[in-house]
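Engineer: Curious how this folds, go ahead:
(4 chains)
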Number of protein chains: 2
Amino acid sequence: MASSKRDHLVDTALDLFCRHGFHATGIDKILAASGVAKMTMYKHFKSKDELILAALHRNDEKFRNGLMRDIERKAKTPRDRILAIFDYLGDWFAKSGFTGCTFINATAEYAASDNPIHAAAAEHKRLIYGYIFDLTKAAGAKDPDALANGLALLAEGAVVMAHVSGNKDASGQAKRTAEILLADAGV
Amino acid sequence: MASSKRDHLVDTALDLFCRHGFHATGIDKILAASGVAKMTMYKHFKSKDELILAALHRNDEKFRNGLMRDIERKAKTPRDRILAIFDYLGDWFAKSGFTGCTFINATAEYAASDNPIHAAAAEHKRLIYGYIFDLTKAAGAKDPDALANGLALLAEGAVVMAHVSGNKDASGQAKRTAEILLADAGV
DNA sequence: CGATTTATATACAGACCTGTCTGTTTTGTC
DNA sequence: GACAAAACAGACAGGTCTGTATATAAATCG
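Structural biologist: Numbering: from 1, shown residues only, chains lettered A, B, ... in the order given. Sure, this is the predicted structure:
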């Protein structure tokens, strides 16, 4: 299999980046954890930054697919699906290996806005916003853009508070607040 | 002056940590930028982590003092002061050197919840929440704790969106959303 | 089977990291 | 001016980092 080594490398790298950060995770640790030789890695990725980008891309796919699949399975109406976002966050926060949003963390380490890693994080947030906006529009909100912005802020805030303050109920607080916004938007 | 070197070191370190991150900022760079000798630094701080803690402590003081002074000068009623928080955030986001919340960034690099650096970030957030809670109580909100939580989530979300997505209007979106929460809380 | 790709182990370069050590110079105070 | 505290410069140790080079072994495929 041509890409199995590559896939395994990306999975291992993503796990270590999430747990220990990007600068703190050296190439050698990723190689040792994955059992892949250094030259193999540098054949697939021409630098560490490219490996980071690949790991972020995988994380984006995993996160959004998991979110959408879970929500569309558990809730049927747009309104219920909006609220299900916060239940999904709650499940995520409760996982033992929770270390916050990897994209927020990446932005912390690569603050320059023209950095490709920072740009990848921005793109992820844009896609998440798009999903929320689709839901607020489908729900028939008065101002779907304003509502989607408010919901997105609550969700991001909950992720931050869950990680920084270890407040696992941040998702519950966000959900209860979201209900106020929904009522105001006529949803 | 006994502590002027120490102060200068902390200021320089804080600036570099904010701009480039914690792991990416080496001791040598801080020393070169501050013009302080290495042994002087290690006389004041027994490790880099202690310097980081001192820098975070200074940032906490600077941020909260700046926030409270500005708000109490510009707004008089509890309600206006709550909304002034978001104006303050807007001014902050608009600054050229804006690199997000240093405490969120620190948590990204020091994810373990028992890490003293992570704990310092949690304490900062706790103090900020306390300030917001005092305002919601003074404003006579129906459920001041719930309102303060909602407002705090909006504020944290705005900081994240402003940094990750470069969305400078995140503070405006948060403010408009906050007004909905205030109305709901009878403020 | 033979040829080509793919992955392996390992050593290396050059830079950077934190923290220590030694000795000198500056500074502040009596 | 004498003395002590503070800051200085700069070398050093021991480790880590990214990325490259080399030479060998395994797997794939016509």
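Engineer: Which of the helices or strands spans A:Ala121?
Structural biologist: Under the criterion of DSSP states H and E, A:Ala121 resides in helix A:116-138.
Engineer: buried ones in that helix?
Structural biologist: With burial defined by 16 or more other CB atoms under 10 Å in any protein chain shown, the residues of helix A:116-138 counted as buried are A:117-125, A:128-129, A:131-133, A:135-136. Yep, even glycine has a C-beta here, placed from its N, CA and C like the rest.
Engineer: between those residues, which is closest to A:Leu56?
Structural biologist: A:Ala120 (4.7 Å; CB to CB).
Engineer: what about the nearest residue to the closest one once chain neighbours are set aside, which SS state?
Structural biologist: Nearest residue to A:Ala120 in three dimensions, chain neighbours excluded: A:Leu56, at 4.7 Å (CB to CB, 6 or more residues apart in numbering or on different chains). On the three-state scheme (DSSP: H, G, I helix; E, B strand; the rest coil), A:Leu56 is labelled helix.
Engineer: that older thread, closest to DNA strand D out of the buried residues of helix A:116-138?
Structural biologist: Nearest to DNA strand D, judged by CB to the nearest atom of the strand, of the buried residues of helix A:116-138 is A:Ile117 at 13.0 Å.
Engineer: Can you give me every residue that contacts the residue of chain A found nearest DNA strand D?
Structural biologist: With CB to the nearest atom of the strand as the measure, A:Gly26 is the residue of chain A nearest to DNA strand D, at 2.7 Å. Contacts for A:Gly26 were tallied using CB atoms under 8 Å, 6 or more residues apart in numbering or on different chains; there are none.
Engineer: ok, now the one 10 residues further on?
Structural biologist: Applying CB under 8 Å, 6+ apart, one finds that A:Val36 lies in contact with A:5, A:8-9.
Engineer: Out of those, give me the one that has the most neighbours.
Structural biologist: Of all the contacts of A:Val36, A:Leu9 has the most neighbours under the rule other CB atoms under 10 Å in any protein chain shown, reaching 24 neighbours.
Engineer: Assess the claim that it and A:Leu51 are in contact.
Structural biologist: Yes. In this structure, A:Leu9 is within contact of A:Leu51 by CB atoms under 8 Å, at 7.2 Å.
Engineer: The helix holding A:Ala121 packs against which elements?
Structural biologist: Under the contact criterion of 3 or more CB pairs under 8 Å, 6 or more residues apart in numbering or on different chains; DSSP states H and E, helix A:116-138 touches helix A:48-74, helix A:78-94, helix A:102-109, helix A:144-164, helix B:144-164.
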